[in-house]
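Asks: everything below, folded, please.
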Amino acid sequence: MPEKNINVLLAAMNTIDECCNDENGKIAVGVPLLYHFMEKNNNDSSLKEDLQEYHDCEEDEDEDDEDGDDDMEGSTFGDGSQSPAELKLKIKKSLLELRCKVENAILGNFLLGEPDKELAPEDVAVMREQLREISIWGVPLLPSKAHEGTDVVLRKFLKAKDYKVNEAFDMLQKTLIWRRENNIDGITEEDLGPESANAGFLCSRDREGRPVCYQVCGVFKDRRIYKKTFGSHNRCDRYLRWKIQLIEKAVKKLTFREGGVDSIIQVFDLKNTPMQGTKELNSLSKKALILFQNYYPEIIHKNIIVYAPFWFYTSQVLFSRFMNQRNKKKFILARPQKVTQTLHKFIAPEHLPCEYGGLRRNNDENFSPADKATEIKIKGNTVSKVEFPVSELGVTIMWDVTVVGWDVCYKEEFIPDDEGSYTVLLQNQNVEGNSTRNSFYISEPGKIVITVENGTYKKRKMFYRSKARTTVPMFILL
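Replies: Presented below is the predicted three-dimensional model:
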């Protein structure tokens, strides 16, 4: 047997001694999972992400040590001297230990705490049977069920605690208890009122297929809406519950399996957020972030904050002291002039709402995310042209255009093929803002020409798409 395999087997055997034996030295119920675990983890590709995240965490620890900050969690997991193979083995060992602990806790009927001693034996038996079916985010937690998503979910709790098994298990227990006490599994079916309807929504996916959740704080600039949402303690509780509901709806779109999409992106839009008189909003927003950190480990891939006012940067620095290093890395702050550029790094223009510099519009009957946009780069102090030749008559050609950063001179015109015909100027203006859409009915062969003059010294990116459809002119129908 190769030396590598021997080392893996010895490590697994040591793990059994450490985490799967009871007080009397008898092998506990988690041991039969060893062979399933080794077979399932024979392919090391599923651990690459874990290893990379651990290395990232380790680099942050080194930087923190240099700065004299020793509050980084997980500093004992690796001392920086292990080889990638040793780190990989430790990750496997941590997952195996956690599987054993969860299996024992479920079959031992204490995953949600010790049952009441005054309960009748038949009631305890019912609880034990119900606990065997326990799940989170639609994924069964009993490892011996061999569900493809169980390891994915358990690995999230391990990552959140830097692969400290006991801490990950405690986090899982607290999460399950919190979900049960607050009826989180049924929260998506609750009607939490229309007050927050415009304050958040799910819209499309990012470049990796993750659902994107937008939260818009500018709606609370209207004092009437603010008072209606936060005017009482019950209304504040309902708003917090609505934020949890929004996350749960996004989680339902995830696929917990190896190689699947198992995290989401949040975009916080702080444009027009009132600066004063928002104590309730600020308090509940911070409380929600703490809840997501404690009970949704590794579910949120990134928190992108756009249009953040200056005062927010100060408050964010103070609040970040209450977050661990792993969660700090999940926050991205985009200055107003960099909003579209930042969002485009994560979200394709076809999926990004037009109010953020994308091409997506609500209830769009003309274009869909499947209509891919073409990208061109416009150098500083240059002019670029895009042409849509059209030879078929009786069609309407429609186009979408967005320029990252805008601040350009923009012109649209129809140029007929017949030199004796007139050029039709459709639009000619300095453009600063969101994406633009236009259309033109083709009555003679020609081409639509879009001219963009970049008078700045900075490069600009332009995204565009077009399509033609047969149209019957209105005067024919009269």
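
Asks: give me the helices and strands touching the strand ranked longest in the chain, please.
Replies: Taking DSSP state E as the criterion, the chain has its longest strand at strand 460-470. Packing partners of strand 460-470 (3 or more Cβ pairs under 8 Å, 6 or more residues apart in numbering; DSSP states H and E): strand 374-378, strand 382-390, strand 395-403, strand 446-454. Quick note: C-beta positions are derived from backbone N, CA and C, even for glycine.

Asks: got CSV for the ones you listed, with mean pLDDT and mean neighbour count too?
Replies: As requested, the helices and strands packed on strand 460-470 are exported to CSV (pLDDT from 0 to 100; neighbours: other Cβ atoms under 10 Å):
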stretch, mean pLDDT, mean neighbour count
strand 374-378, 94, 14
strand 382-390, 93, 15
strand 395-403, 93, 21
strand 446-454, 94, 19
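
Asks: can you put those strands in TSV and add distance to Asp262?
Replies: TSV is the format used below for the helices and strands packed on strand 460-470 (distance: least, Cβ to Cβ, whole Å):
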stretch	distance to Asp262
strand 374-378	29
strand 382-390	39
strand 395-403	30
strand 446-454	40
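
Asks: how far off strand 446-454 does the longest strand of the chain point, in degrees?
Replies: Interaxial angle of strand 460-470 relative to strand 446-454 (axes from the mean of the first three to the mean of the last three Cα atoms, to 10 degrees): 160 degrees.

Asks: now strand 460-470: how far from the chain's centre is it?
Replies: On the basis of Cα atoms, centre = their mean, to the nearest Å, strand 460-470 sits 28 Å off its chain's mean C-alpha point.

Asks: parallel or antiparallel, which strands does that strand pair with?
Replies: strand 374-378 (antiparallel), strand 395-403 (antiparallel) (DSSP bridges).

Asks: would you mind listing the buried residues in the helix or strand following the last one?
Replies: Towards the C-terminus, the helix or strand next in line after strand 395-403, according to DSSP states H and E, is strand 408-416. Across strand 408-416, burial judged by 16 or more other Cβ atoms under 10 Å covers Val408, Tyr410, Lys411, Glu412, Glu413, Phe414, Ile415, Pro416.

Asks: got CSV for those, with distance to Lys90 and pLDDT too?
Replies: Putting those into CSV (distance: Cβ to Cβ, whole Å; pLDDT from 0 to 100) gives the following:
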residue, distance to Lys90, pLDDT
Val408, 53, 88
Tyr410, 56, 92
Lys411, 61, 93
Glu412, 60, 95
Glu413, 64, 95
Phe414, 66, 96
Ile415, 66, 95
Pro416, 71, 95
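
Asks: which of these sit farthest apart?
Replies: Val408 and Pro416 (25.9 Å; Cβ to Cβ).

Asks: quick one: pLDDT of Val127?
Replies: To be clear, residue 127 is Met; Val isn't right here. Listed pLDDT for Met127 reads 84.

Asks: leaving out the residues flanking it, which one is nearest to Val339?
Replies: Leaving aside its chain neighbours, Val339 sits nearest to Val306 (4.6 Å; criterion: Cβ to Cβ, 6 or more residues apart in numbering).

Asks: who are the neighbours in contact with the closest residue to Glu298 other than its chain neighbours?
Replies: With Cβ to Cβ, 6+ apart as the criterion, Glu298 has its nearest non-adjacent residue at 3.9 Å, and that residue is Lys156. Counting by Cβ atoms under 8 Å, 6 or more residues apart in numbering, Lys156 makes contact with Asp262, Pro297, Glu298, Ile299.

Asks: how about Ser283?
Replies: Ser283 neighbours (Cβ under 8 Å, 6+ apart): none.

Asks: what's the closest of the helices and strands packed on strand 460-470 to Ala120?
Replies: strand 395-403 (66.2 Å).

Asks: neighbouring contacts of that closest one?
Replies: So strand 395-403 is contacted by 340, 349, 354, 357-359, 366-367, 373, 378, 386, 388, 390, 410, 431, 434-442, 448, 450, 452, 460-471 (Cβ under 8 Å, 6+ apart).

Asks: are any of those buried, and which?
Replies: By 16+ other Cβ under 10 Å, the contacts of strand 395-403 give 340, 349, 354, 357-359, 367, 373, 378, 386, 388, 390, 410, 431, 434-437, 439-440, 442, 448, 450, 452, 460-466 as buried.

Asks: pairing partners for the strand or helix carrying Ile304, with directions?
Replies: Ile304 belongs to strand 300-306 when assigned by DSSP H and E. Using DSSP bridges, the strands paired with strand 300-306 are strand 264-269 (parallel), strand 331-334 (parallel).

Asks: the ones you listed: lowest mean pLDDT?
Replies: Among the strands paired with strand 300-306, strand 331-334 scores lowest, at a mean of 89.

Asks: how about it: buried residues?
Replies: Phe331, Ile332, Leu333, Ala334.

Asks: cool, and stretch 125-143?
Replies: In stretch 125-143, counting by 16+ other Cβ under 10 Å, buried: Leu131, Ile134, Ser135, Ile136, Trp137, Val139, Pro140, Leu141, Leu142, Pro143.

Asks: wait, which of these is closest to Lys90?
Replies: Of all these, Lys90 sits closest to Pro143, with 19.2 Å by Cβ to Cβ.

Asks: quick one, phi psi at the closest one?
Replies: phi -60, psi -30 (degrees, to the nearest 10).

Asks: what sits closest to it if chain neighbours are left out?
Replies: Nearest one to Pro143, counting by Cβ to Cβ, 6+ apart, is Arg99 at 4.4 Å.

Asks: and whichever strand or helix holds the one you found, what does it pack onto?
Replies: Element membership for Arg99, per DSSP H and E: helix 84-107. The contact analysis (3+ Cβ pairs under 8 Å, 6+ apart) places helix 84-107 against helix 3-19, helix 33-40, helix 48-66, helix 121-132, helix 150-160, helix 165-181.
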